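A.B. asks: Everything below, folded, please.
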Amino acid sequence: MSLTHLWPHILLAALGVASASELQIPMISEQKPMQVDNVLGKPLVDTDDLQASIKIENLVSRAKDLYSIAELSEPEYGHPTRVIGSAGHSATLDYIYSALEDLGGYYTLSKQPFPAVLGKVYESRLVVGHEVPESASPMSLTPPTANKEPVYGRLVLVENEGCDASDYPADLADNIAFILRGTCSFGTKSELAGKAGAVAAIVYNYESGGVSGTLETPTPNHVATFGLSGKEAGPILKKLKGSEVVDSIAYIDAEVKQIETTNIIAQTVEGDPDNCVMLGGHSDSVSEGPGINDDGSGSITLLEVATQLTNFNVNNCVRFAWWAGEEEGLLGSDYYVEVLPQEENLKIRLFMDYDMMGSPNFAYQVYNATNALNPVGSEELRNLYVDFYTSQGLNYTFIPFDGRSDYDAFIQNGIPGGGIATGAEGVKTKEEEAMFGGKAGDWYDPCYHQLCDNIGNVNSTAWLVNTKLVAHSVATFAVSFHGFPERSDVVNMADNKRPAKYHGHRLVL
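C.D. replies: Residues are numbered from 1 along each chain as shown. This next block holds a predicted model:
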């Protein structure tokens, strides 16, 4: 298993305990089997009927609620946000849980608290020679520079891709490491630079663009670390290879701290508990904004489908999840799967990820989850989405299944997965403009991870279509898994393929 997927154990070890139970954090807590309504008079769920119950006015009403909740964080952050640890996120969890409690005992509800790492960069600056690189960006979860003051040193070129201790020269001590992005994680590079005595590190791209990455699990040896575009790194690299001295000043004022946050799980009381269809979205936003599309739209879609499902019976159990800490690196979903016993893993027949359901400049995107590279069943789920869009006369496009959202821990641990999205910071092409409308050359979501991701940042047409598709996916598998591949074993796939570049929205290598 990769370091990424071992992070909960590493974090617990750092706290001096062997398990979550010693930390008094139960695997699943506050489980509430409620008084069950008489469901005998309810019909078996039907996809057309469940889809027909989905109304855009209900989704929009909940979006307004979520924005008001995000405003609760203004005293601390100066603007609306639902980032983990904020008043806005705490109130988001209360809102979701209360709404589920009001559904008359149709679901067994659980809260799953877990330790999470939260990083915040308050201020940063990088000077190389006499220039201030425009693309210089602090890595997520970077520590500050020493004493949160500027540090000075000359740039020292690290050998190869900086993946081995031997790549770091002896004269790096008290200087700043200049490291090529490559096959090992940014966290590994930062840690090795720290062990070699560097006061800071710069990871430069092998592509012309910038590097928006994360160091992931904090270690005592990490140093303040920036990403730099390949374009701006080029002239610097030429000087260093020509034995020219390049002085640099690095400054990061940052905080990395541990908090506790919570996943919310709702499972139908009825339905075969040994054959569960599971779906999830994340309850948190980035600190920069209220996150009404990312992923308020997904959270609300799940809540509305869960609400309307109560009008029906199910043959197979349906399990909804609202993950916390997705924006910090898929923390909640990672934790959930990490502590899931093998017998419980095998009860999940598939996991469906619903993140960003209504981007303003949308495309109907389907994760290209094939059985060749993922647990068997992922491709069958992908085809369900394709068939739905086709049946509605709608275009669709495939996007990489590359670890950018909460499906990652599931597929890495043998559970078939997939999902849909409508686009983030990617740029819409001319071909996609013809397929979906909107504007070529702009981001799918021009307010991605920004303050303007508010109630006006969700396309109601795409959101309604995709919520109906989510309802269709739930209804299909809640009735039957006929023809869907059986689960036979828990297979860890992380060691069997090249690690993904992404773990969440940030690059990890």
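A.B. asks: rest of the way, CA atoms for contacts and neighbours
C.D. replies: Noted.
A.B. asks: tell me the contacts of residue 265?
C.D. replies: With contact set as Cα atoms under 8 Å, 6 or more residues apart in numbering, residue 265 has these partners: 109, 110, 111, 112, 319, 320, 321, 322.
A.B. asks: if you set the cut-off to 6 Å instead, what comes out?
C.D. replies: Applying Cα atoms under 6 Å, 6 or more residues apart in numbering to residue 265 gives the contacts 109, 110, 320, 321.
A.B. asks: hang on, the first one is in a strand, isn't it?
C.D. replies: Yes - note on residue 109: a strand contains this position according to DSSP: H, G, I helix; E, B strand; the rest coil.
A.B. asks: Is it bridged to anything, and to what?
C.D. replies: According to DSSP bridges, the residues that bridge with residue 109 are residue 32, residue 266.
A.B. asks: Just give me the closest of the contacts of residue 265 to residue 175.
C.D. replies: Set against residue 175, the nearest of those by Cα to Cα is residue 321 (46.0 Å).
A.B. asks: residues contacting the closest one?
C.D. replies: So residue 321 contacts 264, 265, 280 (Cα under 6 Å, 6+ apart).
A.B. asks: now the strands for the protein?
C.D. replies: 29-32, 107-128, 137-138, 151-157, 176-180, 200-204, 225-228, 247-268, 272-282, 316-323, 348-354, 365-367, 397-399, 417-421 (DSSP state E).
A.B. asks: mind checking which of the ones you listed is nearest residue 408?
C.D. replies: Each of the strands of the chain has some distance to residue 408 by Cα to Cα; the shortest is strand 417-421, at 8.3 Å.
A.B. asks: thinking again about what came up before, okay if I get the strands of the chain as TSV plus mean pLDDT and distance to residue 446?
C.D. replies: Listed next are the strands of the chain as TSV, based on pLDDT from 0 to 100; distance: least, Cα to Cα, whole Å:
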stretch	mean pLDDT	distance to residue 446
strand 29-32	48	38
strand 107-128	96	23
strand 137-138	96	20
strand 151-157	98	35
strand 176-180	98	30
strand 200-204	98	26
strand 225-228	98	23
strand 247-268	97	27
strand 272-282	98	20
strand 316-323	99	24
strand 348-354	98	19
strand 365-367	98	17
strand 397-399	98	18
strand 417-421	98	15
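A.B. asks: Can you say which of these is nearest to residue 82?
C.D. replies: Between residue 82 and the strands of the chain, the shortest separation by Cα to Cα is 10.9 Å, and it involves strand 272-282.
A.B. asks: What strands line up against the closest one, and which way round?
C.D. replies: Under the rule (DSSP bridges), strand 272-282 has strand 316-323 (parallel), strand 348-354 (parallel) as partners.
A.B. asks: If you compare the directions of the last one and strand 417-421, what angle comes out?
C.D. replies: Looking back up the chat, that one is strand 348-354. 20 degrees (axes from the mean of the first three to the mean of the last three Cα atoms, to 10 degrees).
A.B. asks: who does residue 226 bridge with?
C.D. replies: Per DSSP bridges, residues listed as beta-bridge partners of residue 226: residue 138, residue 202.
A.B. asks: So it versus residue 143, what's the distance?
C.D. replies: Taking Cα to Cα, to the nearest Å as the criterion, residue 226 is separated from residue 143 by 11 Å.
A.B. asks: And residue 269, by the same measure?
C.D. replies: 45 Å.
A.B. asks: Neighbour count: those two, which is higher?
C.D. replies: With other Cα atoms under 10 Å as the criterion, residue 269 and residue 143 differ in neighbour count, and residue 143 comes out ahead with 28 against 20.
A.B. asks: Quick check on the residue nearest to the more buried one when sequence neighbours are not counted: phi, psi?
C.D. replies: Spatially, and ignoring its direct neighbours in sequence, residue 143 is nearest to residue 224 (5.1 Å; Cα to Cα, 6 or more residues apart in numbering). Listed backbone geometry of residue 224 is phi -50, psi 130, with angles given as degrees, to the nearest 10.
A.B. asks: hang on, isn't residue 224 packed against residue 140?
C.D. replies: No - taking contacts as Cα atoms under 6 Å, residue 224 lies outside contact range of residue 140: 10.2 Å.
A.B. asks: Looking at these two, which is more packed in?
C.D. replies: Neighbour tally, residue 224 and residue 140, criterion other Cα under 10 Å: the higher count belongs to residue 224, 31 against 25.
A.B. asks: count of residues packed around residue 200?
C.D. replies: Taking other Cα under 10 Å as the neighbour definition, residue 200 ends up with a count of 31.
A.B. asks: Was I right to think it contacts residue 224?
C.D. replies: Yes - Residue 200 lies in contact with residue 224 (Cα under 6 Å); the separation is 4.9 Å.
A.B. asks: Minimum distance to residue 404: which of the strands paired with strand 272-282 has it?
C.D. replies: Checking the strands paired with strand 272-282 against residue 404 by Cα to Cα gives strand 348-354 as the closest, at 10.6 Å.
A.B. asks: So what touches the closest one?
C.D. replies: With contacts defined as Cα under 6 Å, 6+ apart, strand 348-354 is touched by 276-281, 298, 407, 415-419.
A.B. asks: Just the endpoints, please. Distance across stretch 404-413?
C.D. replies: When the end residues of stretch 404-413 are compared by Cα to Cα, they are separated by 16 Å.
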